[in-house]
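>>> can't give you the sequence, but here's the structure:
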């Protein structure tokens, strides 16, 4: 491989890793640009899309290198975004050789998520805390914690078995509602609305929405609308799940 | 006193979601703090001064965005890390639930009411973030940690 190609590949790989883990479009674009420029190449073009990267280098010369990538976005991974950002900063301010940068990139890829137990616990605390601030009683919060924790387990299990996002949202909100109706009917008369809202908080596509808005504001209109439609679909799926549960089991109350 | 309890609860909840989004361990406390600040700004305008909730949410999302950007400059960390979890308290989860609930209960009026409120809140957050990002980046250089 020519040096030009090695550097273009490195830059696009870093960009792809960022995009996969939920970074905004402008950050991905800027990172790729900066890395290419850090190695003194100026004749390049980058075009980023919410699920694709197009980049070329050396258009004017005889040897043009072009890379097209289709990118599948996974779950949000803030830790990786931070580390990758640090990597691109290091490349820009210090003389990092390409193999060194590669090694660092591989290290970033290896950063794992938190363990399942911690995630479930954290999700429970998150749900309980948020319904507390919108006016739930402490007992509601205990059940909110249980719902959040179970929901996270369900989500992790579903993702591992490659269940589609639609089914995950509809199924998740259906289970939340079913569980809440069951608790209210047979276990303890808690505030039904609060329980369901607590569970929904964990499924809501709030981060997609925020990223979409930021893309729109950075004039990445296409990707911005993609994210917003994604968020809107997510919200509609949650509503369908809740609705189905009420339709079939609402009479238990 | 309620403000203090709310701040702490919101901070814990935001840290919880920060972990779900795989936030870096050393940033979790700052993520939580941003979430707490977000909710306190909302409470100050909504319950303190008594302005309506959409306006309060708009102001809270502007405030949170600015706060997160300052934090990002200070900690030398992408602003996304803080902002995504910090805005969670404002998300209209309840409204979405009520919209679904009344749709299936065949109550057209309340269905429309909650659905439109959810949209209004979403737009308020959107405009708030945009306004918060309108401030030039140079300004936040002031917060950059020396050395």
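Yes, it's here. In this text, all values refer to a predicted model and were calculated from it rather than measured experimentally.
>>> Please give me every residue in contact with residue A:176.
Shown in contact with residue A:176 (CB atoms under 8 Å, 6 or more residues apart in numbering or on different chains): A:147, A:151, A:195-196, A:199-200, A:203, A:241-242, A:245. Quick note: C-beta positions are derived from backbone N, CA and C, even for glycine.
>>> Okay, and which of those residues map to strands?
With strands defined by DSSP state E, no entry of those lies inside them.
>>> how about those in a markdown table, adding distance to residue B:33 and neighbour count?
Formatted as a markdown table, the contacts of residue A:176 follow (distance: CB to CB, whole Å; neighbours: other CB atoms under 10 Å in any protein chain shown):
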| residue | distance to residue B:33 | neighbour count |
| --- | --- | --- |
| A:147 | 26 | 26 |
| A:151 | 26 | 25 |
| A:195 | 28 | 26 |
| A:196 | 29 | 31 |
| A:199 | 26 | 31 |
| A:200 | 25 | 29 |
| A:203 | 25 | 23 |
| A:241 | 33 | 25 |
| A:242 | 32 | 28 |
| A:245 | 36 | 23 |
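>>> Please go through the residues you listed and note which also touch chain B.
Filtering those for neighbours of chain B using CB under 8 Å from any CB of the partner chain leaves A:196, A:200, A:242.
>>> Give the closest residue to the last one in space, chain neighbours not counted.
Residue nearest to residue A:242 in three dimensions, not counting chain neighbours: residue B:100, with 4.3 Å by CB to CB, 6 or more residues apart in numbering or on different chains.
>>> if I look at the one you found, how far off is residue A:243?
5 Å (CB to CB, to the nearest Å).
>>> cool, and residue A:143?
For residue A:143, the distance to residue A:243 - CB to CB - is 21 Å.
>>> of the two, who's got more company?
For residue A:143 and residue A:243, the more surrounded residue by other CB atoms under 10 Å in any protein chain shown is residue A:143, and the numbers stand at 25 against 21.
>>> Who are the contact partners of the more buried one?
Listed by CB under 8 Å, 6+ apart, the contact partners of residue A:143 are A:180, A:183, A:188, A:190, A:195.
>>> Next, the contact list for the residue of chain B found nearest chain A, please.
Closest residue of chain B to chain A, CB to the nearest CB: residue B:13 (2.5 Å). Going by CB under 8 Å, 6+ apart, residue B:13 touches A:125-130, A:132-133, B:35, B:88-89.
>>> tally of neighbours for the closest residue to it other than its chain neighbours?
Once flanking residues are discounted, residue B:13 sits nearest to residue A:129: 2.5 Å by CB to CB, 6+ apart. Using other CB under 10 Å, residue A:129 is surrounded by 32 other residues.
>>> does residue A:129 really touch residue B:7, like I thought?
No: checked against CB atoms under 8 Å, the pair residue A:129 and residue B:7 is beyond contact range at 11.0 Å.
>>> What does the pLDDT read for residue 21?
Picking chain A for this. Here, the pLDDT recorded for residue A:21 equals 91.
>>> Please refer instead to chain B.
Residue B:21 is assigned 91 on the pLDDT scale.
>>> what about it, neighbour count?
24.
>>> Determine the three-state secondary structure at the closest residue to it other than its chain neighbours.
Spatial nearest neighbour of residue B:21, excluding adjacent residues (CB to CB, 6+ apart): residue A:76 at 4.5 Å. What DSSP: H, G, I helix; E, B strand; the rest coil gives for residue A:76 is coil.
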